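> need a structure here:
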Amino acid sequence: MIPKVFTEVIDLGDGRSISIETGKLAKQADGSVVVKMSDTMLLGTVVSARKASPGVDFLPLTVDYREKFAAAGRFPGGFFKREARPSDKEVLTMRLVDRVLRPLFPDDYHAETQVMIQLMSHDETVMPDALAGLAASAALALSDIPFETLISEARVGRINGEFVINPSPEQLLESDIDMMIGASKDSIAMVEGEMKEISEKEMVEAIKFAHEAIKLQIAAQERLRDAFGKKDVRSYDEEASNEEVYQKVRSLAYDKCYAIAQEGTGKAERGEKFSEVKDEVKAAFSDEEQLEFGELIGKYFKKAQKEAVRNVILDLGLRLDGRKTDEIRPIWCEVDYLPSVHGSALFTRGETQALATVTLGTSRESNQIDSPSEQGEENFYLHYNFPPFSTGEAKPLRGTSRREVGHGNLAQRALKNMIPEENPYTIRIVSEVLESNGSSSMATVCAGTLALMDAGVQMIKPVSGIAMGLISDDVTGRWAVLSDILGDEDHLGDMDFKVTGTADGITACQMDIKIEGLKYDIMEKALDQARAGRLHILGKLIETQPAPRDGVKAKAPKIIKTTIPGAFIGALIGPGGKVIQELQKATKTTIVINEVNEEGVVEILGTDQDGIDAVLRKIDSLTFKPVIGDSYKVKVIKIMDFGAVVEYQDAPGNEILLHVSELAWERTENVTDLVNMGDEFEVKYMGIDPKTRKERVSKKALLPRPPRDENAPRPERRDDRGPRRDDRGPRRDDRGPRRDDRPRDDRPREDRAPRENNDSSEPRQENPGTEE
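You can find the predicted model right below:
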């Protein structure tokens, strides 16, 4: 029996709609929904353990998003025909959902929770990542898992000045905004996206527009929950607490932490001082109390420390390292640090340092994208590495983390729109974070800008980035926006807001809100303060490298692009690739050929300009087609009795016969009377000779024609040329009647008399009217 299905529809107002359905699939999960838009369908499920694991003092939340190749009617690529590790796009979608959900679980809920979203059917006009947050929240809404408030996510674009919710991939190509917004009914929780130099005001308008659409999606979830039947929230073991222990810890730690927070010390020194205070607090408890309340003492110390640091900022406007709220840490930069790479730059801001390298290549080195919802390639991409030594830690290395994927993607989006379309290279940036104390992703953007300019990439405009923070107090209503936040301020604060841009506008942003009810006036203040900060940082970058290099470095490859007719692609490649391989070996270049619109786009990459020029000459010779009437310089390479074989100087390897009759206007008995091996001169291309059907060139056509001498004796007729026409037999009129003069027989064929002399054994008379 088919179970009862509950469905709610969200009207997007432009003929499109989103439906949320539950009751048919995955009924053993704590909550499950199917979200559908056009032919795109996502299954969202959530399951949470009934009890937390012992000793766990955090929320072990896992958000997993997977795209099934079957959803697009495709097979997975590679040797193993099965979906394996998640792609970068899937990881980025997981992060988008995780960052919105995580702050909305109760602080004391520590049961393992797993949210799984999978793409089951794909429509090319719908981008499924915009629906993943809705699927996750709707599944939670139908479960008994404690969750503070429903959320949803939406993508917003702007086309010709008009905002669009969840635009199609084709529409997004025309949009100057691509932002994902996650929010509850009352406040914004997450923002991430890229823009084409928009203003702070335009960004806030886009967020507000998306928030209104999100409210409609949350209302649909509430209707679905009510129709399905709202479940009672499950009971769970709350965290242990002891008010007496808390008050004792606070009284011992708060004032000392407050004093340390005012000293303006460095990360390591500050950490040691806080540790000393913590040890003093522990020493104030007996061994029995430490055994019983050890975990609570540590937790309450962190709480007191956080309160003290936040109050120093709100009370005194003073930060942990001694800066004011809008002050940027000292910055120093260096370019061309690594001598053998194509471009490099070192960017240091306070205790955060990033070393960026740029590598230039051909389209063969582009980053191939092959997922169920997207296929293509990236000619500009950035990789971000965050080794444990950057924070003074020793940890096992287990591959690229989700954080590294996310931070690298943000920096890539910040820079990519400043790479000119005419750039011929594939560009890879790698950022190695060498020190980290806040905003290493923004250091990556700054180091990447300098490295690109050092490599000779003609950036449209340089880009800088800054991370902003927020400290707020709901009780007193006080708040402070922090520029260029430290790692501790990120951990202790209420917001992490990263903004990148040029001098003329924002190119990318990423915002995570850890509190409910962030007001738009605070967001606008943060954006305005961020603009002042990133312009200050941009000035430091320009001081170091005012403009891109005029050209690439000596060790960096130069690249030349040229096109050839599609018919010549095979000739350039040669049988089995013989021609192109030998050419690459001889010239020490890399040659890539792509067929585009029935033309061959040839990329030549090499460090030696002579080698590149040699390849261009070879291509010119292979594709050389002379124009009728034009003159070309040639060189004699072979002498023959009836002419000379010449080679076009502009197209080595292209040979043609210069006939002896085309050497001069006068009669030439011997070819060597006029030309010899190695002679160079001009010839005129005459086209195809109608008699020989071969190409013809002429030297005499470029020479002045001598005047005719009327008094010169005519050459005697040669007597050995056979009989004259009058001696060659009777003329046509003497050979009898022509065919048209014969009597005509109009009778049907079957009534005609049989022909005479039809016997094949007798010779046929070819000309019956001719007398011998």
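> following the helix or strand encompassing Lys561, which helix or strand shows up next?
Lys561 is part of strand 558-565 when elements are defined by DSSP states H and E. Going down the chain from strand 558-565, the next helix or strand is helix 569-573, by DSSP H and E.
> Which element is encountered next along the chain beyond that following helix?
helix 578-587.
> now the angle between strand 558-565 and the following helix or strand past that next one, please.
Note on helix 578-587: by DSSP H and E, the next helix or strand toward the C-terminus is strand 590-596. When axes from the mean of the first three to the mean of the last three CA atoms, to 10 degrees is applied, the directions of strand 590-596 and strand 558-565 differ by 40 degrees.
> Now strand 590-596: buried residues?
For strand 590-596, a neighbour-count test (16 or more other CB atoms under 10 Å) marks 590-592 as buried. C-beta: built from backbone N, CA, C; applies to glycine.
> what's the answer for stretch 365-385, then?
Buried residues in stretch 365-385 (16+ other CB under 10 Å): 365-366, 371-374, 379-385.
> which residues of the stretch 1-150 of the chain fall in strands?
6-11, 17-22, 31-37, 40-48, 61-67, 113-121 (DSSP state E, counting those that start in this stretch).
> Include distance to Lys81 when you put those into JSON lines, please.
Listed next are the strands of the stretch 1-150 of the chain as JSON lines, based on distance: least, CB to CB, whole Å:
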{"stretch": "strand 6-11", "distance to Lys81": "35"}
{"stretch": "strand 17-22", "distance to Lys81": "31"}
{"stretch": "strand 31-37", "distance to Lys81": "26"}
{"stretch": "strand 40-48", "distance to Lys81": "22"}
{"stretch": "strand 61-67", "distance to Lys81": "15"}
{"stretch": "strand 113-121", "distance to Lys81": "18"}
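> Which one of the ones you listed lies nearest to Pro330?
strand 61-67 (37.8 Å; CB to CB).
> Centre of the chain to the closest one, how far?
23 Å (CA atoms, centre = their mean, to the nearest Å).
> Relative to Lys215, which of the buried residues of strand 590-596 is nearest.
Closest to Lys215, out of all of the buried residues of strand 590-596 and judged by CB to CB, is Val592, at 50.4 Å.
> Tell me how far the closest one lies from Gly343.
21 Å (CB to CB, to the nearest Å).
> what's the answer for Arg413, then?
From Arg413 to Gly343 the distance is 20 Å (CB to CB).
> Give the residue from those two that has the larger number of neighbours.
Counting neighbours by other CB atoms under 10 Å for Arg413 and for Gly343 shows that Gly343 has the greater number, 28 against 21.
> Tell me the bridge partners for that one.
Val358 (DSSP bridges).
> Local confidence estimate at Gly576?
Gly576 carries a pLDDT value of 88.
> same for the helix or strand hosting Thr500, what does it pack against?
Under the criterion of DSSP H and E, Thr500 resides in strand 495-502. Helices and strands touching strand 495-502, by 3 or more CB pairs under 8 Å, 6 or more residues apart in numbering; DSSP states H and E, are helix 402-416, helix 440-454, strand 464-472, strand 505-513, helix 520-544.
> which of these is buried the deepest?
Across these, averaging neighbours per residue (mean count of other CB atoms under 10 Å) puts helix 440-454 on top, at a mean of 30.
> shaky segments in the stretch 201-350 of the chain?
By pLDDT under 70, the stretch 201-350 of the chain contains no weakly predicted segment.
> SS state for Ala253?
The three-state assignment at Ala253 reads helix, by DSSP: H, G, I helix; E, B strand; the rest coil.
> One more: the one 5 residues further on?
In the three-state summary, Tyr258 is assigned as helix, counting by three-state DSSP.
> Please apply the same query to Leu382.
Going by three-state DSSP: Leu382 is strand.
> if we can go back for a sec, out of the buried residues of stretch 365-385, which comes closest to Ser137?
Ser373 (20.8 Å).
> I'd like the distance between the closest one and Leu450.
Taking CB to CB, one finds Ser373 at 35 Å from Leu450.
> Lys68: what's it in contact with?
Applying CB atoms under 8 Å, 6 or more residues apart in numbering to Lys68 gives the contacts 83, 118-120, 372.
> Ala414 touches Ala508, doesn't it?
Yes. Ala414 lies in contact with Ala508 (CB atoms under 8 Å); the separation is 3.9 Å.
> Find residues that contact each of the two.
194, 465, 500-501.
> among those, which two are most distant?
Top of the distance list for these (CB to CB): Glu194 and Gly465, 12.4 Å.
> Name the residues contacting each of the two.
In contact with both Glu194 and Gly465: 414, 508, using CB under 8 Å, 6+ apart.
> Okay, and the beta partners of the closest residue to Thr444 other than its chain neighbours?
Once flanking residues are discounted, Thr444 sits nearest to Ser431: 3.9 Å by CB to CB, 6 or more residues apart in numbering. Counting by DSSP bridges, Ser431 forms beta bridges with Ala356, Tyr384.
> Trp665 in helix, strand or coil?
Secondary structure of Trp665, per three-state DSSP, is coil.
> what residue ranges in the protein score low on pLDDT?
709-772.
> can you map out the helices along it?
For the chain, the helices identified by DSSP state H occupy 88-101, 129-141, 169-174, 200-228, 243-261, 267-283, 287-316, 402-416, 440-454, 487-492, 520-544, 569-573, 578-587, 609-622, in order along the chain.
> out of those, nearest to Glu682?
helix 609-622 (18.4 Å).
> Tell me which residues of the closest one come out buried.
In helix 609-622, counting by 16+ other CB under 10 Å, buried: 611-612, 614-615, 618-620, 622.
> now do stretch 177-188
Neighbour-count burial for stretch 177-188, counted by 16+ other CB under 10 Å, picks out 177-184, 187-188.
> Lovely, talk soon.
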